[in-house]
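Participant: Give me a 3D structure for the following:
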Amino acid sequence: MVEIGLLGVFAGISVATAFFLSFHLIGQLRHKNPALLWLGLTVLAIGFRVAKSIVFFIMNSMWPVGLSIGFFALASIGPCYLLYIRSSQDKSLKFRYKHLKHFVLPAAGAIACFIVTPHPLETTFYQIATGVLGLYIAIAYFLHRKHAYPSTDEKQWNQQTFILLFGIWFSFVLQHVTGTMIYYAYGSMIAALFIFNLFGRILKQAPVFAKQTQLSVPDDVLEKVRESFEREHIYLSVGMSVNLLAGQIEVPAYQITKAVKVLYGKTFPEALSFFRVENFKARIAKQEHQNLTIEYLAESSGFKTTSSFYNAFKKETGLTPTAYLDSISLKSA
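Facilitator: Numbering: from 1, shown residues only. Next comes the predicted model:
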């Protein structure tokens, strides 16, 4: 019992450290690197998950609301970390409603835990969430390996966060496979060690990487990007992305992103939408295209779906495609 109490104190200190660290990342460093919002939320979720473990192995029981919070935290670690990796690789990435799909499992599972507790199913829910976390870590690592980072420091930092998160995930797996309360407590201690490690690394080197915004874009890169958009019309390719273009013209993705900003004052996705809308407008104005449907012309202009075309067209012109057609018909009459 004394051993469990000592482990509880040690893990409790790590929870306080995680909460302080998340506040530091979100409140103090996020303005220098917006991606750190998601890293801060990842650390916050880890803190709540470890806190749930501490209450469980000390009290040997858990209230339904505590299990729900613990599940939501556990199931949110993976989505938050994946969004951190994506945001650190694409500085223009912003939160969209489509990202909410990653938090359906955390919300649904938290509600389910509250309803079924006490019941053995709650353990099954936690095991599923732990497995899904492992899947998110694998996806994040795949994105990390294929990305061309602008600096070695940033690449090494994300490599370190992956190792730390993998260690924390392993500690959660250990809690499930051991089956005894003392080893459950040791699992929390292992997670605590990785939290302390992350805390030390951030104090030693804050991962702001502000120098990237000061990098200039070489003239040959600007010319390659300009040629890709204005002569080769890469925007006509459905599914075109900055990473795909990077492979085609052998230029790092981050330089392409900066070049597009310099050339057109837009993010890469915004530039694609702009050129696609302009292409549609040029096509629809031609007499030989008058009998073609809007949907066909949108697809041939590079839009993947009709809805994405309508949204982009309204954003660029302030009109729906139909209203735009009516306006040019009136002008030509």
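
Participant: Grab the nearest non-local neighbour of residue 252.
Facilitator: Leaving out its chain neighbours, the residue that sits closest to residue 252 by CB to CB, 6 or more residues apart in numbering is residue 148, at 4.2 Å. Bear in mind the C-beta positions are built from the backbone N, C-alpha and C, glycine included.

Participant: count of residues packed around residue 56?
Facilitator: 19 (other CB atoms under 10 Å).

Participant: is it true that it touches residue 188?
Facilitator: No - applying CB atoms under 8 Å, one finds residue 56 not in contact with residue 188, separated by 9.0 Å.

Participant: hang on, the earlier thing: any idea which element the residue nearest to residue 252 lies in?
Facilitator: Residue 148 belongs to no helix or strand when assigned by DSSP states H and E.

Participant: Need phi/psi at it.
Facilitator: The phi and psi values for residue 148, taken as degrees, to the nearest 10, are phi -90, psi 100.

Participant: mind checking how far it is from residue 219?
Facilitator: As judged by CB to CB, to the nearest Å, residue 148 and residue 219 stand 20 Å apart.

Participant: More neighbours: which of the two?
Facilitator: More crowded of residue 148 and residue 219, by other CB under 10 Å: residue 148, with 15 against 8.

Participant: Can you classify residue 156 by secondary structure?
Facilitator: The local conformation at residue 156, judged by DSSP: H, G, I helix; E, B strand; the rest coil, is helix.

Participant: Number the chain from 850, please
Facilitator: Yep, numbering from 850; the last one is residue 1005 now.

Participant: Give me the neighbour count for residue 1033.
Facilitator: For residue 1033, the tally of surrounding residues (other CB under 10 Å) stands at 18.

Participant: So it sits against residue 904, correct?
Facilitator: No - assessed by CB under 8 Å, residue 1033 is found out of contact with residue 904, at 11.8 Å.

Participant: element containing the residue sitting nearest the centre point of the chain, please.
Facilitator: For the chain, residue 932 is the residue whose C-alpha lies nearest the centre (CA atoms, centre = their mean; 1.3 Å). Secondary structure from DSSP H and E places residue 932 in helix 913-938.

Participant: sorry, back to before: please report how far the residue nearest to residue 1101 lies from residue 876.
Facilitator: Distance, residue 997 to residue 876, by CB to CB: 31 Å.

Participant: Quick check: which ranges of the stretch 1050-1182 of the chain have low pLDDT?
Facilitator: Screening the stretch 1050-1182 of the chain residue by residue with the criterion pLDDT under 70, one finds the ranges 1055, 1057-1065, 1138, 1178-1182.

Participant: and if you look at the stretch 900-1049 of the chain?
Facilitator: In the predicted model of the stretch 900-1049 of the chain, residues 906-911, 941, 999-1000, 1028-1030, 1032 satisfy pLDDT under 70.

Participant: Show me where it has its helices.
Facilitator: Applying DSSP state H, counting those that start in this stretch to the stretch 900-1049 of the chain gives helices spanning 913-938, 953-965, 970-995, 1001-1027, 1030-1053.

Participant: Figure out which of those helices is closest to residue 899.
Facilitator: Proximity to residue 899 (CB to CB) singles out helix 1030-1053 among these, at 5.2 Å.

Participant: residues in contact with the helix or strand following that closest one?
Facilitator: Next along the chain after helix 1030-1053, taking DSSP H and E as the criterion, comes helix 1068-1079. By CB atoms under 8 Å, 6 or more residues apart in numbering, the residues outside helix 1068-1079 that reach it are 1083-1084, 1094, 1097-1098, 1100, 1104-1105, 1108-1109, 1111-1113, 1120, 1124.
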